[in-house]
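Enquirer: show me the folded form of this:
(chains A and B)
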Amino acid sequence: MTNESFRFEVVVVGAGPAGLAAACAAAECGRRTAVLDATPWLGGQIWRGQETKSDSGSAKRWLTRLHAAGAVVVRQTAVVATLRPGVLLAESPEGPREFGWEKLILTIGARELFLPFPGWTLPGVVGIGGLQVLVKAGWPLAGKKVVLAGSGPLLFAAAAEYRAAGADIVIIAEQTNWAKLIRFGLTLPRLAPGKLFQAAMYKTALLRVPYRPGCWVTSAQGVDGLESVTLRSARKTWTERCDYLAAGFGLLPSLELPRLLGCRLEDGAATVNDRQESSQAGVYIAGEPTGIGGEGRALVEGLIAGFAAAGRPERAERLFRRRRRTWAFSRAMDQAFALRDEVKNLADPETLICRCEDVTRRELEKYCDWRSAKLQTRCGMGPCQGRICGGAVEKLFGWEAESNRPPVFPVKIATLREPGSGPGGASE
Amino acid sequence: MTEAVTLTINGRPVRVPGGTVVAVALALAGESRFRRSVAGHPRGPLCGMGVCFECCVTIDGRPHCRSCQTLCAEGMEVRTDD
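Expert: Here you go, the predicted model:
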C-alpha cells in the first residue's frame, strides 16, 4: 500500500440524495464508509447550495444525518478508473488517490439530455437544469428575458427558480401534448412524489408564466451570443427575442462507471436486483443510473443499497413497498414526457452535433455507427467524452455507446503515473 | 457566506461574494464568451455541472479549467475567450 491509498468497507461514489442516503445507511450499520464527490459540494445537483442555505428541509435532514452517522466525506475527488478489482483510482486537487472497497455503491446521478438544433451552441443557450444550478450559485438573471424549451417536470421548478431570481419568463415550451399531460395529472395523486410535482405546477400557474404544451424550439439565432429563439407548435412558427434559452429534454442516467466496471445495462439504464446490486457482485447502483425517478426514488434506492451493502437485507426489505411507488412515478413520467419525433431531428446538415470537436451532422451522416464516426471525425472524443453528443447521436442515428475506457474523465497525466510514485499525501 | 474575494478577469479587478464559482463571477463581470471552440466559435456554459467543458477558461495561467466547478479565490487571474 502507498501512503495515498485509503480502504473502506463501503465506498459510495456521488453525494447526491441517493449517495447521502446510501452512506447514512451503511455508516449507521457500523460499516467504515466513505462518500466521494467530484465537486466541492454535497447534495448533488438537486440540493446544490443546501449545505449553506438549507431552504430544503429534506436536504438539511440528510446532511445532518450523514454527519451524525460518521461517514467520511471526500470532496473534489473524481473517480476516473479502476486499478484492480476492489480499488478505484480518483483524482483530487492534492493528487491521485486510491480507494479500496469491499462494497461499492454507485450513485452518480444523471445529466441533462441535450438535443441539437441550429444555433444551440451560441452563448446564452443553457441547459434547463444547468441554468438552475448556475442561478443557485448566484448567476445574475434579474431583468433577463428567458425562454424555456424542452420537456419534463424540471421545466416548472426551473421557471419558478429563474423567476425568483428576477428573470422575465417569456414562455415555457413543453414538447409533449395536453392529452398526455392531463393523463399524467390525473395519475399524480396516487403517486408518492406526485404532490411535490403538483405543488410546482400550481406555483408556476400562480406566477402567471405562459406554459405551452405541444410546442418546441426549432432554432436559436444570434451572432456572438443568443438574440432570439424560433418556436413551433402544430399551428404556427414564431420567433421570440430573449437573453437566455434554457433547453433540456429530460435526464440521461450517467453510466460511465457502471459500464467501466462491467455492470449489465439495459435500455439506457443499469440493471440491478431487488437489493440494488448490479450484475457485478458487490457493486450496488442506486438513483438515476437505474432509471430516472427524481429525489424520492433516489433516496429510497440509496437506503436499500446502503443497508444491503452493510449486510442488513432485512432493513432493506422494509423499504421495498416505498420504492415500488416511486417506480410508478417514473413510469408515468416516461409516458407523459416521451419525446416526439420532431424534436429528435431538429439538427440541419450544418448543425454541430459534437460541441467539443465541432463536428456537423453532415459529416456524421457518412458513417453507420458511432465507433467509425469517432475514428474518422473525432465526434465524442473531446473533453466531455461524448457525455453531451452521446444522447444526441443516439436519438438522431440510433448509435449507442459500446464501452468506456479508462480514464472516464479527463485527468492530469500525473494521476496516471505509477500509483505510489507520487508525492506523499495524507495517510490512513 | 464567507468573506468577499477579489479576482482579476481579463485584467479587470472584480469583487464577488466568497464561495462563488468562477463561472458566476464571469457573468457578474458581464462576460458571456467563455471560450473559443476548435473552429473559433464563441461558447458559454451549457450544463452548469462540470460535464460539458463549454465554460472552460484560463485560471492562473492554467488553460481548460471548468469555471462552473472552480471556486473563486483571492487574487485569482481569469482569462476568457482563449
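
Enquirer: please make it C-alpha for all contacts and neighbour counts, starting now.
Expert: Will do.

Enquirer: so where's chain B uncertain?
Expert: B:1 (pLDDT under 70).

Enquirer: any chance you could map the strands in it?
Expert: Remark: strands assigned in chain B by DSSP state E are B:5-9, B:12-16, B:35-36, B:42-43, B:56-59, B:62-66, B:77-79.

Enquirer: residues contacting the closest residue to chain B within the stretch 201-350 of chain A?
Expert: Scanning the stretch 201-350 of chain A for the residue nearest chain B gives A:D224, at 6.4 Å (criterion: CA to the nearest CA). Counting by CA atoms under 8 Å, 6 or more residues apart in numbering or on different chains, A:D224 touches A:L122, A:P123, B:R33, B:P42.

Enquirer: in three-state terms, label it for me.
Expert: Assigned with DSSP: H, G, I helix; E, B strand; the rest coil, A:D224 falls in the coil class.

Enquirer: B:C55 versus that one, what's the distance?
Expert: 15 Å (CA to CA, to the nearest Å).

Enquirer: how much space separates the residue nearest in space to the middle of chain A from B:D81?
Expert: Nearest residue to the geometric centre of chain A (CA atoms, centre = their mean): A:A110, 2.0 Å. A:A110 sits 29 Å away from B:D81, taking CA to CA as the criterion.

Enquirer: A:V79 now?
Expert: From A:V79 over to B:D81 (counting by CA to CA), the distance is 29 Å.

Enquirer: got the residues of chain B near chain A?
Expert: Counting by CA under 8 Å from any CA of the partner chain, the positions of chain B adjacent to chain A are B:1, B:20-21, B:24-25, B:27-28, B:32-33, B:37-39, B:42-49, B:51-54, B:68-69.

Enquirer: what do you get if the cut-off is 6 Å, keeping everything else the same?
Expert: Within chain B, the residues that sit near chain A (CA under 6 Å from any CA of the partner chain) are B:V24, B:R43, B:G44, B:L46, B:C47, B:G48, B:C52.

Enquirer: looking at those, which is nearest A:E91?
Expert: Using CA to CA, B:C52 comes nearest to A:E91 of the residues of chain B next to chain A, at 18.3 Å.

Enquirer: export the strands of chain B as JSON lines, with columns for distance to A:Q50 and mean neighbour count.
Expert: Converted to JSON lines, the strands of chain B look like this (distance: least, CA to CA, whole Å; neighbours: other CA atoms under 10 Å in any protein chain shown):
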{"stretch": "strand B:5-9", "distance to A:Q50": "21", "mean neighbour count": "19"}
{"stretch": "strand B:12-16", "distance to A:Q50": "20", "mean neighbour count": "16"}
{"stretch": "strand B:35-36", "distance to A:Q50": "30", "mean neighbour count": "21"}
{"stretch": "strand B:42-43", "distance to A:Q50": "29", "mean neighbour count": "23"}
{"stretch": "strand B:56-59", "distance to A:Q50": "25", "mean neighbour count": "24"}
{"stretch": "strand B:62-66", "distance to A:Q50": "22", "mean neighbour count": "17"}
{"stretch": "strand B:77-79", "distance to A:Q50": "27", "mean neighbour count": "21"}
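
Enquirer: could I get the ones you listed in TSV, plus columns for distance to A:A328?
Expert: Below are those laid out as TSV (distance: least, CA to CA, whole Å):
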stretch	distance to A:A328
strand B:5-9	47
strand B:12-16	44
strand B:35-36	43
strand B:42-43	39
strand B:56-59	39
strand B:62-66	37
strand B:77-79	47
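
Enquirer: out of A:V79 and B:D81, which sits in the more crowded spot?
Expert: Taking neighbours as other CA atoms under 10 Å in any protein chain shown, A:V79 and B:D81 compare with A:V79 leading, 25 against 19.

Enquirer: how about the more buried one, nearest residue that isn't a chain neighbour?
Expert: Spatial nearest neighbour of A:V79, excluding adjacent residues (CA to CA, 6 or more residues apart in numbering or on different chains): A:A90 at 4.0 Å.

Enquirer: ok, now which ones touch the residue in the stretch 251-400 of chain A positioned nearest to chain B?
Expert: Taking CA to the nearest CA, chain B has its nearest neighbour within the stretch 251-400 of chain A at A:C384, 5.2 Å off. Taking CA atoms under 6 Å, 6 or more residues apart in numbering or on different chains, we find A:C384 in contact with B:C52.
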